[in-house]
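S.K.: Just a sequence and a predicted model for now, questions to come.
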Amino acid sequence: MQIEEFWEAYTSSEKELFQRSCRRLLKHTFIVRDKDEENKKAYYFISKRPEPFSAYFRYIGFDIVVDRENGVVMLRNCADAGESGKVQVNRLQLKKAESVVLCCLWTLYADRIRSGSLSRAILVSITEIQFELEKYGVKDQIDKSAMTGILTLFSRFNLIEVNGKIGEKDCLVRLYPSLQFALESEEFGRFAELTRKRMLEKTGEVPGEEDADEYE
């Protein structure tokens, strides 16, 4: 079906919700079911019938993915969009510090899931994030102001939510399941290994042959 056919079948309230949901996706990339009532409403509306959204976004080189297990709807580039699939406009080029913090958040989220955390609200402290940053050797390079800017950026894309003010003891960061889709597993693996090698070089250690062969 074409988008016009879907549109004509909508009620006036459904048309309004469709428009709001599309704008939300374009602005945030991710819709997280358990964030708040507005996100929940948009999530269920899209997940119930994703075809109209796919039909609409296909015109601008996007498709949507509905992950019902994690309660996430996301925009992604169509593999066959544009010349040789080169339309990649929703990919954000991160700075080094932003990439490292994202990897730390991604790792903390994965660790909580592996540990069997059944709570939908996964909360971590700034101290825990800083502890992860020590592994990358950049903790001293990211001060309070830089951390605030980085976490604000990730909040904008519905990857996390900061509860409290950074620098205060009771400040917690809620990690959303959308984090696991912000970095592809292979991309994260390459970044983590590159950082590990740089840290070894910095400390004067040399990776063993088995380590070197594993990533060639």
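M.R.: Okay, I see it. Numbers count the residues shown, from 1 in each chain.
S.K.: from here on, contacts and neighbour counts on C-alpha atoms
M.R.: Will do.
S.K.: how is the protein carved up into domains?
M.R.: Residue ranges for the domains of the chain, per automatic domain parsing: 3-85, 96-183.
S.K.: Export the ones you listed as JSON lines, with columns for mean neighbour count.
M.R.: Below are the domains of the chain laid out as JSON lines (neighbours: other C-alpha atoms under 10 Å):
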{"stretch": "domain 3-85", "mean neighbour count": "16"}
{"stretch": "domain 96-183", "mean neighbour count": "16"}
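S.K.: Now do the contacts for Lys27.
M.R.: When contacts are counted by C-alpha atoms under 8 Å, 6 or more residues apart in numbering, Lys27 touches Phe157.
S.K.: Could you measure from it over to Gly61?
M.R.: From Lys27 across to Gly61, the span is 16 Å (C-alpha to C-alpha, to the nearest Å).
S.K.: re the thing from before, is it possible to get the domains of the chain out as TSV so that each row also shows mean pLDDT?
M.R.: Formatted as TSV, the domains of the chain follow (pLDDT from 0 to 100):
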stretch	mean pLDDT
domain 3-85	92
domain 96-183	89
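S.K.: what helix or strand does the closest residue to Ala121 other than its chain neighbours sit in?
M.R.: Leaving out its chain neighbours, the residue that sits closest to Ala121 by C-alpha to C-alpha, 6 or more residues apart in numbering is Arg174, at 6.5 Å. Following DSSP states H and E, one finds Arg174 within strand 172-175.
S.K.: Other residues contacting that strand?
M.R.: Taking C-alpha under 8 Å, 6+ apart as the rule, strand 172-175 contacts 105, 109, 121-126, 159-164.
S.K.: Check stretch 108-122 too.
M.R.: By C-alpha under 8 Å, 6+ apart, the list of residues contacting stretch 108-122 from outside reads 34, 124, 129, 174-177, 179-180.
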